[in-house]
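[1] Sequence isn't available, so here's the structure alone:
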């Protein structure tokens, strides 16, 4: 009775899934029962379809953890890949590499399909050959710091070195700001057809590195080389003696160190004003994952779900990041996520309450429903088939379907679990195909 009323006053298209207070007022117009307020607020707060589609009312979780200040230039680097550019000389993306100390940036045109080996070659050509090997490489995109990149890099250099790249789910905005400046520069100078942007990258790199940076009060050129670059021959002065230049570079870098500390502390105070203390998750806890950084084939981002899942926590990897267990189909997505992208799941304990199953997970431009478990197996016409229970339909046996082995290639662990529980059931060894 109560759930039926709630369905009419909250879930129906005429109600439109309003919030807790709005739903309560709609119900109060027609009926009242003891404990109604608590019941309705609890039901609305645990309704999964609402949780997936609505913004959270609280501040962003997790106080900012700035990157440590290195002792000099080209020790710690940030990497990012700006994608979805129109084709320009066969390139559609820009690899941005930023030195966190001097703020010097390097812009390289690439294809978005860049491999770890390509990335290693590019890194040797543009970074290692000029600045040597950094102690750390950080970014907020997991695929750019995969172990395969570091393996390829070490193989090309014929060195043995422990992995020191790092996936940082949330940096302190350094590459984002550089990306904005770069995109603005290109917009100013590219052609009407936008097919020549790669030819402007060398000049955009020069313009960026010759401008004073707000956090260092120096240009990246000055921080690294001890002087600003010349724009024309009129301003070329006599060479500075080597001893004086060395002292000047040392003095400049000491000033930069102090300015960075002041700037980082100021930025942290400003950022933390809009953040809340993060919740603590334990292994096994269920969380929603923000769809903010998950690529989808849905045409309009504004009309797509804001939260995906729910997914279980596997472990805590740092004070601000967790290792999730996403669907097995998400092979290209790094499973570590910053706390600001997670939201605790409020589970409904009301019996016989129907919840809409999660929508299909979008993978490589195809819809793929997630398998909950394998129920049975059999040989049909010489082929191995499995009875599949789909996630969200565990209470609906009629929705279980027979699927051929090829349809289960993305969930080998579930197939293995099934045969571990039922070793006598037909498996690959039983198939005559």
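    Alright, I've got the coordinates. All of these numbers come straight from a predicted model, not from anything done at the bench.
[2] does residue 288 really touch residue 313, like I thought?
    No. The criterion here is Cβ atoms under 8 Å, and residue 288 misses it with residue 313 at 11.6 Å. (Each C-beta comes from the backbone N, C-alpha and C, glycine too.)
[3] Have a look at the two and say which one is more surrounded.
    The neighbour count for residue 288 versus residue 313, taken as other Cβ atoms under 10 Å, is higher for residue 288 (22 against 19).
[4] how much space is there between that one and residue 315?
    Separation of residue 288 from residue 315 (Cβ to Cβ, to the nearest Å): 18 Å.
[5] got it, and residue 131?
    Taking Cβ to Cβ, one finds residue 131 at 35 Å from residue 315.
[6] So which of those two has more stuff around it?
    residue 131 (16 against 12).
[7] Let me see the confidence value for the residue nearest to that one when sequence neighbours are not counted.
    Spatially, and ignoring its direct neighbours in sequence, residue 131 is nearest to residue 74 (3.8 Å; Cβ to Cβ, 6 or more residues apart in numbering). pLDDT for residue 74: 90.
[8] Let me know whether residue 74 touches residue 101 as I believe.
    Yes. Assessed by Cβ under 8 Å, residue 74 is found in contact with residue 101 at 7.5 Å.
[9] so where do the helices sit in the stretch 151-300 of the chain?
    174-189, 201-209, 220-225, 242-272 (DSSP state H, counting those that start in this stretch).
[10] Secondary structure element for residue 375, which one?
    strand 371-380 (DSSP states H and E).
[11] Then residue 84?
    Using DSSP H and E, residue 84 falls outside every helix and strand.
[12] ok, so what distance separates the closest residue to it other than its chain neighbours from residue 194?
    Of all residues not flanking residue 84 in the chain, residue 92 sits nearest, at 7.3 Å (Cβ to Cβ, 6+ apart). The span separating residue 92 from residue 194 equals 11 Å under the rule Cβ to Cβ.
[13] And residue 219, by the same measure?
    Taking Cβ to Cβ, one finds residue 219 at 29 Å from residue 194.
[14] who has more neighbours, the two?
    Neighbour tally, residue 219 and residue 194, criterion other Cβ under 10 Å: the higher count belongs to residue 219, 21 against 13.
[15] ranges for the helices of the stretch 1-150 of the chain?
    2-6, 20-28, 36-45, 48-53, 116-123, 129-131, 147-157.
[16] now the stretch 51-200 of the chain, which segments are flagged as low pLDDT?
    51-55, 57-66, 139-152, 154-155, 158-173 (pLDDT under 70).
[17] 50 - rerun?
    143, 160-167, 169, 172 (pLDDT under 50).
[18] and the longest strand seen in the chain, which residues are buried?
    Using DSSP state E, we find that the single longest strand of the chain is strand 307-318. Of all the residues in strand 307-318, those buried under the rule 16 or more other Cβ atoms under 10 Å are 307, 308, 309, 310, 311, 313.
[19] Check which strands are paired with it and give the direction for each one.
    strand 286-290 (antiparallel), strand 321-324 (antiparallel) (DSSP bridges).
[20] Contacts for the longest one next, please.
    Residues outside strand 286-290 that contact it (Cβ atoms under 8 Å, 6 or more residues apart in numbering): 51-52, 281, 306-313, 322, 324, 326, 337, 340-345, 347.
[21] 7 Å - rerun?
    51, 281, 306-313, 324, 337, 341-345 (Cβ atoms under 7 Å, 6 or more residues apart in numbering).
[22] avg pLDDT for that strand?
    87.
[23] and what of the last one?
    Taken as a whole, strand 321-324 has a mean pLDDT of 85.
[24] can you tell me the distance between the two ends of stretch 275-289?
    End-to-end distance of stretch 275-289 (Cα to Cα, to the nearest Å): 18 Å.
[25] List the buried residues in stretch 401-408.
    Applying 16+ other Cβ under 10 Å to stretch 401-408 flags 405, 408 as buried.
[26] Quick check: end-to-end length of that stretch?
    Stretch 401-408: ends 12 Å apart by Cα to Cα.
[27] go on, stretch 214-223?
    13 Å.
[28] shouldn't residue 325 be in contact with residue 315?
    No. Look at residue 325 against residue 315 with Cβ atoms under 7 Å: they stay out of range, at 9.9 Å.
[29] how does this structure divide into domains?
    2-45, 76-229+243-268, 286-344, 366-430 (automatic domain parsing).
[30] Confirm for me that the residue nearest to residue 84 is in contact with residue 110.
    No. Using Cβ under 7 Å, residue 92 is not in contact with residue 110, being 8.2 Å away.
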